[in-house]
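>>> below is the structure, and that's it, no one-letter string:
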């Protein structure tokens, strides 16, 4: 049967506010390259756990766009990942202010969304990734947590 008529638990790029999942986190990442990454991790009463990585970008010559979508679970597992996210209390985070990116060096841009028990929250932040000389903040700690949980091929030429 070609139809997928069931509740939306975050496996597609629909707004997570409409998700039927009890706990869902979506992380939008651009590390200053031509590839945007979208990580979605969800868990619900009526649905199995779900975790995936979507990459959208340009080929090396920049003439063709691509989209890849693959299951990718956090290193610690979905339940432990969501438990750690809950302990970070992301609903208290506000979007970062006063970030001045330099035009001659890369920086990363993140959009974090979370919906849990019917409550939705979203915030944005920047870091100086891949540079290691930036001052540690709650945002750099969050970035490090995400990078440690999800490993993908990342090259800077």
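Good, I have the coordinates. On a predicted model such as this, the values are computed, not experimentally measured, just so you know.
>>> tally up the residues packed near the nearest residue to residue 24 once chain neighbours are set aside, please.
Spatially, and ignoring its direct neighbours in sequence, residue 24 is nearest to residue 42 (3.9 Å; Cβ to Cβ, 6 or more residues apart in numbering). All C-beta spots, glycine's among them, are computed from the backbone N, C-alpha and C. Neighbours of residue 42 under the rule other Cβ atoms under 10 Å: 26.
>>> please apply the same query to residue 69.
There are 14 residues near residue 69, going by other Cβ under 10 Å.
>>> now swap in residue 12 and tell me
Per other Cβ under 10 Å, the neighbour tally for residue 12 reads 12.
>>> residue closest to the middle of this protein?
The residue lying closest to the centre of the chain (Cα atoms, centre = their mean) is residue 27, at 1.8 Å.
>>> pLDDT score assigned to residue 109?
We have a pLDDT of 89 for residue 109.
>>> now it, nearest residue through space, not along the chain?
Computed as Cβ to Cβ, 6+ apart, the closest residue to residue 109 that is not its neighbour in sequence is residue 30, at 4.8 Å.
>>> just to revisit the earlier point, and the residue nearest to residue 24, which of the three is it?
Put simply, residue 42 is strand when judged by DSSP: H, G, I helix; E, B strand; the rest coil.
>>> which ones are touching it?
9-11, 19, 21, 23-25, 49-51 (Cβ atoms under 8 Å, 6 or more residues apart in numbering).
>>> quick one: least confident of those?
Within the contacts of residue 42, residue 9 has the lowest pLDDT, namely 70.
>>> helix or strand: which one has it?
According to DSSP states H and E, residue 9 maps onto no helix or strand at all.
>>> and it, what does it touch?
By Cβ under 8 Å, 6+ apart, residue 9 lies in contact with 19-21, 24, 42, 44, 47, 50.
>>> cool, and residue 22?
Counting by Cβ under 8 Å, 6+ apart, residue 22 touches 43-45, 116-117.
>>> let's see it at 10 Å
By Cβ atoms under 10 Å, 6 or more residues apart in numbering, the residues touching residue 22 are 9, 42-47, 82, 115-118.
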